[in-house]
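Colleague: Turn this into a model:
(2 chains)
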Amino acid sequence: MNIPINSKIRLLQAVFILLCSQSLFAQKVVRYELYVKDTLVNYAGKEKRAIAVNGQIPMPTLTFTEGDTAEIVVHNQLKESTSLHWHGVFLPNKEDGVPWLTQKPIEAGATYTYRFPIIQHGTHWYHSHSGLQEQIGMYGSFVMKKREDDKTFRKGIDDLPTVPIILSEWTNYNPNNINRMLHNANDWAAIKKNATQSYAEAIREGHFKTKLTNEWKRMLAMDVSDVYYDKILINGSNSPELKTVDGKTLKAGDKVRLRISNGGASSYFWLRYAGGKITVVANDGNDVEPVEVDRLIIAVSETYDIVVTIPDDGVAYEFLATTEDRTQSASYFVGNGIKQLISPLPRLKYFEGMKMMNDMMKMNGDLDDMGMKMSLNQMDMNVVMYPEITGEAGKKTDHSKHEGMNMDNDPNRYNANALGEIKTLNYAMLKSPYNTTLPKDAPIKELKFTLTGNMNRYVWSMGNKILSETDKIPVKKGEILRITIYNNSMMRHPMHLHGFDFRVINGKGEKSPLKNVLDIMPMETDTIEFLANEEGDWFFHCHILYHMMSGMNRVFAVDDYKNPNLPNKKQAYNKLQRESNMPHFMAQNDFATNGNDGEAMFQNARWSLGTEWRLGYNDMHGYEVETHLGRYIGKMQWFMPFIGFDWRYRKMGIDEHETNLFGQKNEKDTRRAFSLGFMYTLPMLVNFQAEVYHDGIVRLSLMREDIPISKRLRAGFMVNTDMEYMADLKYIINKNIGIRTHYDSDMGLGIGLSLNY
Amino acid sequence: MKSLSKIVMVIGVLLSSINSFAQIKNAKTETVKIYGNCGMCKATIEKAGNVNKVASVEWNKDTKMATLTYDSDKTNQDEILKRIALAGYDSEKFLAPDDVYAKLPGCCQYDRELKPVAKSNDAGMDMKSEHTNHNHNEMATTKTADDQNAPQLKVVFDNYFSVKDALVKTDAGTSSIKAVELVKAIKAIEMAKLSTEEHTVWMKVMKDLTANAEKIAASKDVAKQRETFALLSKNMYELAKASKKETPVYYQHCPMYNNGKGANWLSKEEAVKNPYYGSQMLTCGSVQETINNK
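Modeller: From the prediction side, this is the model:
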């Protein structure tokens, strides 16, 4: 893979005014010039648009030493606005880089300078905070080195050779399209991942009942992630090699410190190393007591500093980053010589996961932890899906038998982790080497957030409110904010706080670790706290890009900060709110032998404006258009009251009329009617719709779309009190095309091509 | 009728679009060495390397040489060799993961000349020592039981913990073997040597304890064993409350078992390892009580 950047337009140059020489005391200004430009790349077989900075993806690594002053000049050569956010960095609020919250967007063609003192050290990163630009290349490492005279300087760790690593994903789809597909519950990504979890697959694996219960509880097939990616990248390449560090060839016994940032837009990565254990020495830029593990999962936007050792000469050891859904991975080969591979993580046992979810899900959509107090990633419910841990029964049994026998007389035999073979990092294992307690005399403000959302409409929120439905949360400077977060949604969320590190209350007391991203799994409750000692408007949000864009955000307003970049803060906040609840459009039409069936919808988190049509090819079959404007109510959004307008024309024979189930007659050929009604999602995901028209005619209907029969086959049906009915079958060819056959009581049997956008 | 035949036709076209004959375009051919032993290796290597219309591999078990033919626009030698290595076979470019190699059938365990001499084949060693361990184990148990100094009930607890650990691993066979030990240990208790407190409780629970342990021993069905284990744990809990121990014992609770009725168990460790669900829900549960009477 040596073709990332197409040289259609050569980019200018990176200018380093100052090189990082090791002067210890002088206050230095370290200046970077960044040229942001559209480019074409070919990571996965197709040439696609991306954004490169100084001609490269990822963006260049910015390196500073604590005590420097950073001066970063952004030249926006795109056709759209941009911004850069310094993730995890302490800085004055106006330099934080969130458009319409801390600054105005950097307009196309404009140049903008960020300038702030570097007052901390550690591994961080930076990325665009505008739209979905982060998905297509705008991420890079941001490393702040410890001064050598720092009293926290750790010999044997801080003096190791280090390499910055930024993980990311690539998709050949336009990220705007991905965003739309997620909101429209398009399951093409699941088909690509072979994770449809259809009835046929359920039956084959003996899980028919599991699937039935799942749909009864109104859940769509769940995966651990929603987006299919074509390639995983480590520093912009799928399998880079590390043979030398700082000009020195790596040899047996060498230790390397990898400064890893997860710059992926929505992917968690499992990190594993073929050369032995991984030693974690820092997290989110903060030192932790070294802890040795076999593997760890890095949440979206987290950073980990890890140390790996090269066991032997003549071998390059694979460091493997695998997406949480295990469909893709990228390798980093550390050392020189023949490549020692590590076995890939086996495919997830989806139906085991579905079964677990069924047990946890109450009928009203709330999660029930059954009295287990879950926190800090210690109890990973997903473990039921991991074959390497919950494995094929036969083999495991054998193995444990040996161990049990061998260890029968060992006094410590009950201390051995029953999972034994694989040690996975969790937050309870992180311990700061330093005392991190907050001032005792500071006033404490307690906040509680419940993370909420639903998969069906891809709405993600906090306390069932998206950003556009809430004001900023006022905080007094000098207050301690203690936040308890409970995740009542079905997905995990990496919650990120701008401008501060928070303590994670994890049982380590005074030495609780400091972080700025907290991954919180379904049903977990975690507590974090920090001293709000820097005024300004600080963003607090889920760092999964598509969750953030759906409104899973809050703003902490510490004191009444006068931001010179934003003279009109009220107006700016309105813009921020609007951008986090952008409407999305979908349309589909079936061009069939007996007519056209289709719909178009324009929706945001709460509102839906949709129109459906059935257009026959002659007057007898008729033409029918129904338009509804509705609002989704409740966390799960199962209930939608609406107002509607129907228009219909059909030529009926003499003396012919239609009578509905209630004996109401409709004799007109042309019918125009206003209606009031509601739609409610019943168990088994059946939509119940009740409507009363201005002329008193009532219509009730039941409808189910997209029943997953097999991987690519979907079925649906509709019946209503006008004695109309319909049944259909659709075979999905690709994300936009399907072949559909249906039988309709008005129009008879038809077959056609179904297109959707 | 007409439209029905149309449907049939379209579906027919759809299904038959999987072309049968694979012809590799832009073909490039290379010969590389791949380590392996036998005909079985040959099948595995070729299956791992082949991709319809993109790559084909032919391996000779005598010369260990493989002929790779591939579409140079779509793939490369590294990708093919990596797939083969992930199936367990070393080449000049890639070493197979150790666990994958270890899982190869015995006849396929070729000599790994390319691997640096180090600690390999650890797994194999364990297998061989299995038999000796059986005997050793039984002797050790008997010996401990005879030991006058150790608190008598400790042996009962230790064997109970063994049963629990086997259930954690959802291993009916081991549970049964361990339960046999437990029955032996229960029968070996000399009541005269128990403290008054212990004696009282012992009299109360002994009958149930023996019955339940025997039931687990007799069963080969882990679900049945777990049902009985819930009862057994109740007896053990009473005993734990009355007896003296050097190390604390944790009384733990799983709220989900038995359709939400819940069940308890004793553990030597604070960390929860659920014997009622095993790996299915390993860490489900919480500590109810820490029993610590020295």
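Colleague: Would you mind writing the CA trace of stretch B:195-211 as PDB?
Modeller: Only the C-alpha atoms of stretch B:195-211 are listed here, as PDB (Å, rounded to 0.1, in the frame of the first residue of the first chain):
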ATOM      1  CA  SER B 195     -15.300 -27.800  67.800                       C
ATOM      2  CA  THR B 196     -18.700 -27.700  69.500                       C
ATOM      3  CA  GLU B 197     -20.000 -25.000  67.200                       C
ATOM      4  CA  GLU B 198     -18.800 -26.900  64.100                       C
ATOM      5  CA  HIS B 199     -20.200 -30.100  65.500                       C
ATOM      6  CA  THR B 200     -23.700 -28.800  65.900                       C
ATOM      7  CA  VAL B 201     -23.800 -27.500  62.400                       C
ATOM      8  CA  TRP B 202     -22.200 -30.600  61.000                       C
ATOM      9  CA  MET B 203     -24.800 -32.800  62.500                       C
ATOM     10  CA  LYS B 204     -27.500 -30.600  60.900                       C
ATOM     11  CA  VAL B 205     -26.100 -30.500  57.400                       C
ATOM     12  CA  MET B 206     -24.100 -33.700  57.000                       C
ATOM     13  CA  LYS B 207     -26.900 -35.700  55.600                       C
ATOM     14  CA  ASP B 208     -27.900 -33.200  52.900                       C
ATOM     15  CA  LEU B 209     -24.300 -32.400  52.200                       C
ATOM     16  CA  THR B 210     -23.400 -36.000  51.400                       C
ATOM     17  CA  ALA B 211     -26.600 -36.500  49.400                       C
END
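Colleague: Distance-wise, check residue B:85 relative to residue A:67.
Modeller: 47 Å (Cβ to Cβ, to the nearest Å). C-beta here means a position set from N, CA and C on the backbone, and glycine is covered the same way.
Colleague: Mind checking which of the two has more residues around it?
Modeller: With neighbours defined as other Cβ atoms under 10 Å in any protein chain shown, residue B:85 and residue A:67 compare such that residue B:85 has more, 25 against 19.
Colleague: so where is the chain shaky, pLDDT-wise?
Modeller: Chain wasn't specified; assuming chain A. Residue ranges of chain A with pLDDT under 70: A:1-26, A:369-373, A:379-380, A:389-421, A:652-657, A:667.
Colleague: wrong chain, I was asking about chain B
Modeller: B:1-5, B:7-22, B:117-151, B:280, B:294.
Colleague: in it, which residue is closest to the centre?
Modeller: residue B:169 (7.0 Å; Cα atoms, centre = their mean).
Colleague: And the contacts of stretch A:620-631?
Modeller: A:594-595, A:606-616, A:640-651, A:677-679, A:746-747 (Cβ atoms under 8 Å, 6 or more residues apart in numbering or on different chains).
Colleague: how far does it sit from the chain's center?
Modeller: Here stretch A:620-631 is found 35 Å from its chain centre; the criterion is Cα atoms, centre = their mean, to the nearest Å.
Colleague: ok, now stretch A:664-673?
Modeller: 48 Å.
Colleague: At the contact with chain B, which residues of the stretch 601-750 of chain A appear?
Modeller: Contacts of the stretch 601-750 of chain A with chain B, taken as Cβ under 8 Å from any Cβ of the partner chain, map to A:731, A:739, A:741, A:749, A:750.
Colleague: Give the closest residue to residue B:200 in space, chain neighbours not counted.
Modeller: residue B:242 (7.2 Å; Cβ to Cβ, 6 or more residues apart in numbering or on different chains).
Colleague: That neighbour and chain A, how far apart?
Modeller: 21 Å (Cβ to the nearest Cβ, to the nearest Å).
Colleague: For that residue, which residues are in contact?
Modeller: Listed by Cβ under 8 Å, 6+ apart, the contact partners of residue B:242 are B:197, B:198, B:200, B:201.
Colleague: Check residue A:717 too.
Modeller: By Cβ under 8 Å, 6+ apart, the contact list for residue A:717 reads A:702, A:703, A:704, A:725, A:726, A:727, A:728.
Colleague: any idea which helix or strand carries residue B:234?
Modeller: Residue B:234 belongs to helix B:222-242 when assigned by DSSP states H and E.
Colleague: distance of the closest residue to chain B within the stretch 501-650 of chain A from residue A:55?
Modeller: At 5.9 Å from chain B, residue A:593 is the closest residue in the stretch 501-650 of chain A, using Cβ to the nearest Cβ. Using Cβ to Cβ, residue A:593 is found at 53 Å from residue A:55.
Colleague: How about residue B:224?
Modeller: When residue B:224 is compared with residue A:55 (using Cβ to Cβ), they lie 68 Å apart.
Colleague: for residue A:185, same thing?
Modeller: Per Cβ to Cβ, residue A:185 is found 39 Å from residue A:55.
Colleague: Likewise for residue A:747?
Modeller: In terms of Cβ to Cβ, residue A:747 sits 57 Å off from residue A:55.
Colleague: okay, the two: which has more neighbours?
Modeller: Neighbour count, other Cβ under 10 Å: between residue A:747 and residue A:55, residue A:747 has more, with 23 against 18.
Colleague: ok, that one - contacts?
Modeller: Per Cβ under 8 Å, 6+ apart, neighbours of residue A:747: A:594, A:595, A:614, A:616, A:621.
Colleague: Swap in 6 Å and give it another go.
Modeller: Residues near residue A:747 by Cβ atoms under 6 Å, 6 or more residues apart in numbering or on different chains: A:594, A:595, A:616, A:621.
Colleague: go on, residue A:597?
Modeller: Neighbour list for residue A:597: A:590, A:614 [criterion: Cβ under 6 Å, 6+ apart].
Colleague: Could you identify the helix or strand that succeeds the helix or strand where it lies?
Modeller: Using DSSP H and E, residue A:597 sits within strand A:595-603. Toward the C-terminal end, the helix or strand that comes next after strand A:595-603 (DSSP H and E) is strand A:607-615.
Colleague: Pull up the pairing partners for the strand holding residue A:597, direction included.
Modeller: Sheet pairing of strand A:595-603 (DSSP bridges) gives strand A:584-592 (antiparallel), strand A:607-615 (antiparallel).
Colleague: Which residues does residue A:718 form beta bridges with?
Modeller: Those that pair with residue A:718 in a beta bridge, by DSSP bridges, are residue A:703, residue A:726.
Colleague: Go ahead and confirm it touches residue A:728.
Modeller: No - contact criterion Cβ atoms under 6 Å: residue A:718 and residue A:728 do not qualify, at 8.6 Å.
Colleague: Which parts of the stretch 651-757 of chain A are strands?
Modeller: Assigned by DSSP state E, counting those that start in this stretch, the stretch 651-757 of chain A shows strands spanning A:658-659, A:665-666, A:670-682, A:686-693, A:698-708, A:713-720, A:725-732, A:737-744, A:748-756.
Colleague: contact partners of the fifth one?
Modeller: It refers to strand A:698-708. So strand A:698-708 is contacted by A:196, A:198, A:686-692, A:714-722 (Cβ under 6 Å, 6+ apart).
Colleague: Using JSON lines, please lay out the residues of the stretch 601-750 of chain A next to chain B together with neighbour count.
Modeller: Putting those into JSON lines (neighbours: other Cβ atoms under 10 Å in any protein chain shown) gives the following:
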{"residue": "A:731", "neighbour count": "19"}
{"residue": "A:739", "neighbour count": "20"}
{"residue": "A:741", "neighbour count": "23"}
{"residue": "A:749", "neighbour count": "17"}
{"residue": "A:750", "neighbour count": "24"}
